[in-house]
Each structure stands twice: as C-alpha cells, then as structure tokens.
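Enquirer: need a structure here:
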Amino acid sequence: MPARAGIILQARVGSSRLPGKALATINGTTILEHCLRRLMRSGVAPIVLATTHRREDDALDAIARAVGAGVFRGDEKDVLGRYVSAAEAFDLDTIIRATGDNPCVDIEAPGRLLDLLRAHDADYVCEDGLPYGAAVEAVTRTALIRAAHEAHHAEDREHVTLYVRRNPRTFRVIVAPAPVPLRRPDLRVTVDTAADLEHVRELYARTGEDTPSLLHIIDAAGPGQPRTEVA
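Expert: Residues are numbered from 1 along each chain as shown. All right, here's what the predicted structure looks like:
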C-alpha cells in the first residue's frame, strides 16, 4: 500500500515578536489563509492545520475549516508531539511540514520534496537556496516518532525536525539545491516582525496578483545576489 502523504501546517495566534500575525491581512486575506491556499494549490496532498487548544486559536481553526483543511489541536509547547499526534490522527505516513508565517511559500515545493523523499528513500528532505520563508520540509512519520521518543531538549520539541537534521548518521537526510530560478537565499519573505509584514504586503502589491507564484514574488523584489548554477 503506498504511503499516504499530507501537509501539516503549524500555526498559533500567540507570537512573541508579532502577536496575532497569523490573522494579519495581505490584500484583505489573513496570512494563515494565504499559507493554506498556496499549499492546497500544490495539489499533492491534503492539508491539516496543527494548532493549540488555546481559545485564542479558535479563529485559526475556523479559517482552516472554511477553506477545507483538516484541523488538529494539540500541545502548545511540544510542537514535535503535536505533529506526531496530527500525523497519527490523519493517518499520514509522509509529512510536508509548513508554518503559518510564510505567505510566500513556494506552491511547487511540496511536490518536489515528496518526489525527492521517495526517490532517495529518505527520512528527511529539504531544499537549500530558496528565499527565507518560501521553503517547506518533508519527513516521514517514522522519523518523527523516533525523534519524539529520543529528543528531550526543549528546542528539539519546539522546532519539530531539528533532532532529525542534527543526526544524519541515524536518519537519512537529503539537502537538495533549489531550482535555479528560485534561488534567492538573500531574500526574506517570512513574517516575523511588523517590518516583515509591510515588506510582504508590498511584494504582493507589486505582483498585482492574489496568489502570485514564488517566481513572480522574487521578480517583484528586484535583483539580488546572482543566481548560480549547481557545480
């Protein structure tokens, strides 16, 4: 039986640097909805919002259900445990991990990573070189379960895949170069501060689109460091 893949997006209203950022809007649409809709457009797997049991996150739950995403609510601090529980609840064997502060996430990235994970029979796959805030990760549920059993440091529980990435001798970890046209590691498109939010709003405005491709967002940002071919 083929492995069942799913996209799990973590988000919560409580943010230390920009509280409520998941509900902030770009072109009249919340950041969370931008993230969910972009990932849905990848068309490769169902999407699940993994949020907390806190009442303030009821709003995120409602947004996710309204756009047709699944919802799992779990521990606020133990995000690794929340991911494992969400994967088990939705019977997902392979997980694309995304976060709710990346409204410019690359729509095509989930498909590329699932292909890489399967081709290399890997435990974990990511891409190097995309704009900061445009990438996702792919990891197996088996690897996450093992990490959840072995990882005890708070940062490993908070950052979900950190334990897997730190142990390449234990897990098969693949880091692939991003496609050349999308290789702009100097460009920041995440939303972590008020300045980030204004920057991303401006990028969206320059594209003139409701759901611009990552390439259009990169072009709207203007020239940066030269794009280089893989050696």
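Enquirer: Kindly state the pLDDT recorded for residue 228?
Expert: On pLDDT, residue 228 comes in at 41.
Enquirer: quick thing: my sequence starts at 33, can you match it?
Expert: OK, 33 is where the count begins now, so the last one is residue 260.
Enquirer: helix or strand right after the longest helix that the chain contains?
Expert: With secondary structure taken from DSSP state H, the chain has its longest helix at helix 226-239. Under the assignment DSSP states H and E, the closest C-terminal helix or strand after helix 226-239 is helix 246-253.
Enquirer: relative orientation of that following helix and helix 226-239 in degrees?
Expert: 100 degrees (axes from the mean of the first three to the mean of the last three C-alpha atoms, to 10 degrees).
Enquirer: which helices and strands does helix 246-253 pack with?
Expert: Packing partners of helix 246-253 (3 or more C-beta pairs under 8 Å, 6 or more residues apart in numbering; DSSP states H and E): helix 226-239. For glycine as for every other residue, the C-beta is placed from the backbone atoms N, C-alpha and C.
Enquirer: Contacts for the helix it packs on, please.
Expert: Applying C-beta atoms under 8 Å, 6 or more residues apart in numbering, the external contacts of helix 226-239 come out as 50, 53, 56, 58-59, 135-136, 220-223, 244, 248-249, 251-253.
Enquirer: where does the closest residue to residue 221 other than its chain neighbours land in three-state SS?
Expert: Of all residues not flanking residue 221 in the chain, residue 136 sits nearest, at 3.8 Å (C-beta to C-beta, 6 or more residues apart in numbering). Three-state assignment for residue 136 (DSSP: H, G, I helix; E, B strand; the rest coil): coil.
Enquirer: So residue 136 is in contact with residue 247, correct?
Expert: No - Residue 136 is beyond contact range of residue 247, at 11.0 Å (criterion: C-beta atoms under 8 Å).
Enquirer: No further questions, thank you.
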